[in-house]
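Q: I'd like to go over a predicted model; first the sequence, then the structure.
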Number of protein chains: 2
Amino acid sequence: MQIAIQDLYPESHSHCFGCGRSNQDGWHLKSYLAGDKTLAHFTPKPQYTGGVPGHLYGGAVASLLDCHGTASAAAFRYLQNHSDLTDSSKIQRHITAQLNVKYIAPTPMDVELTIAGELISIEGRKVKVLLTLSAGDKLCAEAEMLAVGVD
Amino acid sequence: MQIAIQDLYPESHSHCFGCGRSNQDGWHLKSYLAGDKTLAHFTPKPQYTGGVPGHLYGGAVASLLDCHGTASAAAFRYLQNHSDLTDSSKIQRHITAQLNVKYIAPTPMDVELTIAGELISIEGRKVKVLLTLSAGDKLCAEAEMLAVGVD
């Protein structure tokens, strides 16, 4: 059973509404390594609708990309110096400096969404990640993130 | 008493989790015209923390900018052909095509945040808006949005 990247965050940094295991009210998004990419799956609840019921609101799209992106940045940076992620890994939390989101198509609800990440570049503490959010074969949004490691 | 831009959306488009009056579980963000700019105020509840308690999670920052931005776009576009917004206005809903967010400083919680918008340009159905999110005098995030009017 693979461990989620967010479950390797130190307890002090595990409270995010979107992806923190210690946030009782949150979404608990879980991101996993998949080869040289990262993947997360999420099915939004009906209250997170946009203006027209049946489609996810734009802020939730950005939230999923953001939480998965910082997890991806943490994992890609960790794997520069380690061979794999394990239960005992100490992973460095990364925070978003910039998130550029393109909304390509309305994101449906009541279906499982897939959020994917791949590494663009690492320079010191700065990690650039390319992100996509899809519903089945339909690409709904893509984003480029600049994340920075927290000392 | 000034009316909020979101309260002029048609009933069919009033369900957004972030700003829809018809979403019982949502945040009900209210954006107002203020001279040639737009303003909204919002105080996040504690569960919307980021990784470290006491600061707003990144997705919520993006959500507030997104909801305020589409409201701003709707108002700026409406005012091209009308002198003011009134209860009887029929305003055209705008959706986000692109949202580029810079996270400048951590956003504190349990304080009233101010989200402001100003018009960059309008070309046909495409409206560009410059957005900021501040806590008192502290600028926490800024964004540029491209929004498109829904026919």
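A: On my side now, so go ahead. Treat the numbers as computed from the prediction; the structure is a model and nothing was measured.
Q: residue numbers of chain A in contact with chain B?
A: A:9, A:12-18, A:20, A:23-26, A:47-53, A:57-60, A:62-64, A:66-67, A:70, A:93, A:95-103 (Cβ under 8 Å from any Cβ of the partner chain). From N, CA and C alone the C-beta is placed, and that goes for glycine too.
Q: for PyMOL, write the select line for the buried members of those residues.
A: Buried residues among those (16 or more other Cβ atoms under 10 Å in any protein chain shown), as a PyMOL selection:
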select buried, chain A and resi 9+13+14+15+16+17+18+20+23+26+48+49+50+51+52+57+58+59+60+62+63+64+66+67+70+93+95+96+97+98+99+100+101+102+103
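Q: which residues outside stretch A:83-93 are in contact with it?
A: A:3, A:5, A:8-10, A:13, A:33, A:70, A:74-75, A:77-79, A:82, A:149-150, B:51 (Cβ atoms under 8 Å, 6 or more residues apart in numbering or on different chains).
Q: so which of the residues you listed are in strands?
A: Among these, the members falling in strands are A:Leu33, A:Gly149 (criterion: DSSP state E).
Q: so which of the residues of chain A next to chain B belong to helices?
A: Among the residues of chain A next to chain B, the residues falling in helices (DSSP state H) are A:Gly58, A:Gly59, A:Ala60, A:Ala62, A:Ser63, A:Leu64, A:Asp66, A:Cys67, A:Thr70.
Q: pipe those residues into JSON lines and attach pLDDT per row.
A: Shown next, in JSON lines, are those (pLDDT from 0 to 100):
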{"residue": "A:Gly58", "pLDDT": "97"}
{"residue": "A:Gly59", "pLDDT": "98"}
{"residue": "A:Ala60", "pLDDT": "98"}
{"residue": "A:Ala62", "pLDDT": "98"}
{"residue": "A:Ser63", "pLDDT": "98"}
{"residue": "A:Leu64", "pLDDT": "98"}
{"residue": "A:Asp66", "pLDDT": "98"}
{"residue": "A:Cys67", "pLDDT": "98"}
{"residue": "A:Thr70", "pLDDT": "98"}
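Q: one step back: give me the buried subset of the contacts of stretch A:83-93.
A: Neighbour-count burial within the contacts of stretch A:83-93 applies to A:5, A:8-9, A:13, A:33, A:70, A:74-75, A:77-79, A:149, B:51; the criterion is 16+ other Cβ under 10 Å.
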